[in-house]
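>>> starting from these lines, generate the structure:
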Amino acid sequence: MKNFILDVNTPVMIDALKSLGYVYKVKPGKEFSEIKRDGYSEISFPRHDFEKMTNILNFFKSRELSAVVSFNEDTRKFWFEFAKKLGVNTNLKKVYVENQNKINARQKVNSITDNKVKWYTVDDFIQMGPEKQKFPVIVKPRIGKGSMKVHKCNNLDELMAFLSDEDYSKFFIENFINGEEFSIEAMHIAGKHIIYGVTSKIKYDGTVVEAGHISNKVQLTPTQHDELINIYNVLGYSNIVSHTEVMIKPDGSLFYIESHPRLGGDLIPTLTLPEFDVDFYQLVMKIATGHHPDVKLKPQMTSRFALFPEPKIYPAKFKYSQEDLDYLKTKFGCYLVIPSFPSNQEILNAPSSSYDRPLALACEVSSVSDINKTINSILSYCNEKLFDTK
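Modelled structure (predicted):
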């Protein structure tokens, strides 16, 4: 039997990799532990072991690993170096580790596209002076995820206030691109790039945090498609899946925001499942373990969206029962209803990152024309029943 390391905790991903062999799901923890499950083991190593690596290498030397499968940005560099030292296959490449520094990826993409996004170090931008500074701008960590510490600043005062307690060297600044933001989902198999998902984003007012995603609302033009293929090539994608964020202006010009060699978050993978006749997650794992499956897409006859409701007024208490969650499923076609907070938790402010959202929903409706009406109905229900502002 083949043996695999996996560094994500998602049940569907574990089950998919189990179809190919035995899985060691590995994560950092306080101390070493191993819990054997049906077809896989949950293993925790002390966090300091992820700094020196020796204990983890010694543990797996006798396990006859077939591959290391990594989708976790926090441990990507570790598992790449681990696989290299142990001499086992992995879905990771050196370029993926390099591109975690978003400046590296930005420079590569700017080198091959006409639609360049200007970027600056924080120090350089501040020293430019007001006559050359153009606002609004986006300030973001060089290495980061989940919209954490990403902020739109409309003037220098806002920028300096945001960075007042931060280490400038860990951030950089990009010009703000005014357009509609999309997530692009793709598979990269033996030099071939297959785009299977285009989701438009809904943002919370005044933030860069996603409040929702709508699948396949639009189709890419041939020019936009070709632009993405060039981006995938310069980022070195092969035998991997990817999640790429772009901004598209009203004239159709496409601007690269960022990209990651993993599936999208925010329930995005579930939005395009109807396009596949085979198990989607098994397909992802086959690609990640070096197989070259034949991917065939079919038309998606329904429309799906993900939604992350928030209170209209703050502070508010997030209160719910199982009956409330079941009602969302039966009334609005929500096939996933996942509370992120316990019932009765107080919510003081609008989400500052994707980890601050109280509720995640994924829903299916008969057509795109039904989406806005359904979203508005869900938000009304949540504000009436789930968010107590009294």
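>>> just the strands in the stretch 201-350 of the chain please.
Remark: strands of the stretch 201-350 of the chain, listed N- to C-terminal, are 210-215, 240-248, 254-260, 303-307, 316-318, 334-339, 345-347; assignment by DSSP state E, counting those that start in this stretch.
>>> tell me where the protein has helices.
Here the chain has its helices, by DSSP state H, at 11-18, 49-52, 54-60, 76-86, 94-98, 102-110, 122-128, 156-162, 222-235, 268-271, 280-288, 322-332, 371-381.
>>> reformat the ones you listed as TSV; add mean neighbour count and mean pLDDT.
Yep, even glycine has a C-beta here, placed from its N, CA and C like the rest. Formatted as TSV, the helices of the chain follow (neighbours: other CB atoms under 10 Å; pLDDT from 0 to 100):
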stretch	mean neighbour count	mean pLDDT
helix 11-18	19	97
helix 49-52	14	93
helix 54-60	15	97
helix 76-86	18	97
helix 94-98	17	98
helix 102-110	18	98
helix 122-128	14	96
helix 156-162	14	96
helix 222-235	17	98
helix 268-271	21	97
helix 280-288	22	98
helix 322-332	14	97
helix 371-381	16	96
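>>> picking that back up, using JSON lines, please lay out the strands of the stretch 201-350 of the chain together with distance to Phe176.
Shown next, in JSON lines, are the strands of the stretch 201-350 of the chain (distance: least, CB to CB, whole Å):
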{"stretch": "strand 210-215", "distance to Phe176": "17"}
{"stretch": "strand 240-248", "distance to Phe176": "9"}
{"stretch": "strand 254-260", "distance to Phe176": "10"}
{"stretch": "strand 303-307", "distance to Phe176": "25"}
{"stretch": "strand 316-318", "distance to Phe176": "30"}
{"stretch": "strand 334-339", "distance to Phe176": "32"}
{"stretch": "strand 345-347", "distance to Phe176": "28"}
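>>> check the gap between Ser111 and Asp124 for me.
Using CB to CB, to the nearest Å, one gets 19 Å for the distance from Ser111 to Asp124.
>>> got it, and Asp167?
On the measure of CB to CB, Asp167 and Asp124 end up 16 Å apart.
>>> rewinding a little: and the helices of the chain: which comes nearest Thr207?
Set against Thr207 and scored by CB to CB, the helices of the chain come closest in helix 156-162, at 12.2 Å.
>>> contacts for that closest one?
Helix 156-162 has contacts (CB atoms under 8 Å, 6 or more residues apart in numbering) with Ile126, Pro130, Gln133, Phe135, Val137, Val139, His151, Cys153, Ile173.
>>> just the C-alphas of it, formatted as PDB.
Below are the C-alpha coordinates for helix 156-162, written out as PDB (Å, rounded to 0.1, in the frame of the first residue of the first chain):
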ATOM      1  CA  LEU A 156      -1.700  58.800   3.900                       C
ATOM      2  CA  ASP A 157      -3.300  59.300   7.300                       C
ATOM      3  CA  GLU A 158      -5.200  56.000   6.900                       C
ATOM      4  CA  LEU A 159      -2.100  54.200   5.700                       C
ATOM      5  CA  MET A 160       0.000  55.400   8.700                       C
ATOM      6  CA  ALA A 161      -2.700  54.600  11.200                       C
ATOM      7  CA  PHE A 162      -3.000  51.100   9.800                       C
END
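>>> just give me how far that helix sits from the chain centre.
Helix 156-162 has its average C-alpha position 27 Å from the chain's average C-alpha position, going by CA atoms, centre = their mean, to the nearest Å.
>>> again, but for stretch 26-37
Taking the mean C-alpha point of stretch 26-37 and that of its whole chain, the gap between them comes to 25 Å (CA atoms, centre = their mean).
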